[in-house]
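In: Test case, fold it:
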Amino acid sequence: MHRALLVSEILLEVFMHVNKRTLNPYALALSHREMSLARKSFAALARTCKRFHEPAMDLLWAELDGIEPLLGCVTRLHPIMHRSGGPRYLRFEGIEPLSEHEARQFLRHAPRVRSLTILYDDYFHLLSVLPIETCMFPRLLSLSTDQDLNRYLHLFLSPTLRRCALPVVHPDLKSVPTRCAALEDLSIKSSSGNIAIDGQVLYDSIRLCKGLVTLACPPLDWTTWEYLSNLPTLLTLEIWDDCCLLGQRNLNFASLLNVTRLCFYTRTAAYTVAVMQHLQFPSLNQFEMDVFCLPWVEVEPLFHALSRHKTLSHIAISSERGGRGIHDLLDNSLTPIRQSLCFTQLRTLRFKFPSCCINLDNDLLLEAMSSWPHIRMLEFVDPQVIPTVTFRGLSAALRQCPRLHTLDIPLNAVNIDIDPTVESFQHTSLQCLNLTSSHISDAEAVACVIFSMLPSVDRVLPPADQGYKCPSHVCLEVQRHLGSFRAFAGLGRHVTGAASKT
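Out: Below is the predicted model of the structure:
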């Protein structure tokens, strides 16, 4: 064995290259094959020699999707664990709980687990033998589940736990901050049913958290907001659902000094508007809101409240439904786009709600782009709009934002008002142009303009997994022509290069 491998730090660094994140560092989720390959590699390393055994075993057991692998250490359960079909097909109904001896077998490798995701709950009854003071995973850092852990929550609460994601407000939620002093990330997406009781449990639990960095939870009352305003560690806050009414109490613009990211996922915008009107976020950098219904009567106060936060560089607002029809807003100068001109530090702006593109034409687009010189992603998706921005207007606006990378706005590409053979301007930074909501008649002519003016754009269709409607036949034709132009240009460069060498 090379002497370098006798150094624990070097050995661990070598083993980390087997880690699943190294297999595909750009993957958002790992395939079963990738996870299986990593685990098999760690198991092989653990069997290689005594020197490799402990660090390889630590990595082998570090991340688990469920506790089934630990149940596999119990001799009596081997016939169940080795059935074909994977963990989702395992069934533990009718199986007797673990004995004390079997519990020791089960817990043999539990101290090595650092991250645990619980997908199923049909095996919890097997753990009834464990004393109430038992902490199954003393070194656990992250716990995530979409199952109600019911009376077994305490078994998973480690003093080292930093991240805890639960599906609902647990009756014993206060035990989480009490037993997990290192908690930094708490996520609870909804109430279990009784809004009043769950709300009080949630508020009391949050007030016991002393070092939260990230909080995702149902709506908070004013008293809890006031507590959070005195929590300097908090950086990210997400509010899910809007089953809570804030009431009449006014915090007189209490300030959450260090919060940089604020998200609301609700049915209506009323709660969001109230929070943004009465609280201050002087460091706010990102604001996101996904609301089921966004009537115009709530759009204006929302943007008025947002306008106080000039530090915003990322704004994303989406809604399935709007309020009044588009004809009622034509004369309104306080449109969403115009009210966003004050955010001069914008890098990302995404609007996806009815009437968000009201009055958007060449002049307004030019004014907007001039106000957002640092913009890199711009998306306006409006199912009600009739496109009026033309290629000439787009060309003039693009000159104002040299860093723009992604663009999705409705274009009127029926009457092309620019000649690509004469126009010399090229925007080389733009790489993604979505034409799904644009009006197009001549696919080849549109592809020619894009190829000439936007040389880095190679796709005019959105990714298939991002919830966009199926692209029209004419958009597919634009994509096909654009591919042909690029292939022909590449062939021409290849021929020219070969000729110059001869």
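In: where do the helices sit along the stretch 201-350 of the chain?
Out: Taking DSSP state H, counting those that start in this stretch, the helices of the stretch 201-350 of the chain run over residues 222-228, 270-278, 296-306, 336-339.
In: Might one say that residue 190 is in contact with residue 148?
Out: No - taking contacts as Cβ atoms under 8 Å, residue 190 lies outside contact range of residue 148: 11.2 Å. C-beta: built from backbone N, CA, C; applies to glycine.
In: Between the two, which contacts overlap?
Out: 167-168 (Cβ atoms under 8 Å, 6 or more residues apart in numbering).
In: Would you tell me which of the helices of the stretch 201-350 of the chain gets closest to residue 443?
Out: Within these, the stretch nearest residue 443 is helix 336-339; the backing value is 28.2 Å (Cβ to Cβ).
In: Quick check, pLDDT for residue 133.
Out: Residue 133 carries a pLDDT value of 83.
In: check contacts around it.
Out: Applying Cβ under 8 Å, 6+ apart, no residues qualify as near residue 133.
In: do the same with residue 364
Out: Going by Cβ under 8 Å, 6+ apart, the list of residues near residue 364 reads 337-338.
In: Need the per-residue pLDDT for it.
Out: So residue 364 comes in at 95 (pLDDT).
In: Using the three-state scheme, assign residue 354.
Out: State at residue 354, reduced to three classes by DSSP: H, G, I helix; E, B strand; the rest coil: coil.
In: how much space is there between the closest residue to residue 203 other than its chain neighbours and residue 201?
Out: Leaving aside its sequence neighbours, residue 203 sits nearest to residue 224 (Cβ to Cβ, 6 or more residues apart in numbering; 4.6 Å). Distance of residue 224 to residue 201, given as Cβ to Cβ, to the nearest Å: 12 Å.
In: follow-up on the earlier one: how many residues are close by the residue nearest to residue 203?
Out: Counted with other Cβ atoms under 10 Å, the neighbours of residue 224 add up to 20.
In: how near is it to residue 231?
Out: 10 Å.
In: Residue 481 now?
Out: 55 Å.
In: now residue 292
Out: 30 Å.
In: Compare the two (neighbour count), which wins?
Out: Neighbours were counted for residue 292 and for residue 231 using other Cβ under 10 Å; residue 231 has more, 19 against 13.
In: Any stretches of the stretch 151-300 of the chain with poor pLDDT?
Out: 192-194, 242, 244-245, 247-253 (pLDDT under 70).
In: all strands of it, in order?
Out: If you assign secondary structure with DSSP state E, counting those that start in this stretch, the strands in the stretch 151-300 of the chain sit at 163-168, 185-190, 214-217, 236-240, 254-255, 261-266, 279-280, 286-294.
In: In its sheet, which strands sit next to the longest one, and in what direction?
Out: Next to strand 286-294 in the sheet, as set by DSSP bridges, lie strand 261-266 (parallel), strand 314-322 (parallel).
In: Next, the angle from that strand to helix 270-278.
Out: Inter-element angle recorded for strand 286-294 and helix 270-278: 140 degrees (by axes from the mean of the first three to the mean of the last three Cα atoms, to 10 degrees).
In: Give me the contact list for strand 286-294.
Out: Residues contacting strand 286-294 (Cβ under 8 Å, 6+ apart): 260-269, 272, 302, 306, 309, 312-323, 353-354.
In: Check which residues of it are buried.
Out: 286-291, 293-294 (16 or more other Cβ atoms under 10 Å).
In: tell me the angle of that strand relative to helix 296-306?
Out: Using the same axes, to 10 degrees: strand 286-294 against helix 296-306 is 170 degrees.
In: and what of the second one?
Out: Here the directions of strand 185-190 and helix 296-306 differ by 170 degrees (the same axes, to 10 degrees).
In: same question, the fourth one
Out: Angular relation of strand 236-240 and helix 296-306 on a 0 to 180 degree scale: 170 degrees, by the same axes, to 10 degrees.
In: Starting from strand 236-240, tell me which strands it pairs with and how they run.
Out: strand 214-217 (parallel), strand 261-266 (parallel).
In: Could you export the shortest one as CSV, keeping only the C-alpha atoms?
Out: Extracted C-alpha coordinates of strand 214-217, given in CSV (Å, rounded to 0.1, in the frame of the first residue of the first chain):
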residue,chain,number,x,y,z
THR,A,214,-33.8,28.4,6.4
LEU,A,215,-37.5,28.1,7.3
ALA,A,216,-40.3,26.8,5.2
CYS,A,217,-43.7,26.6,6.9
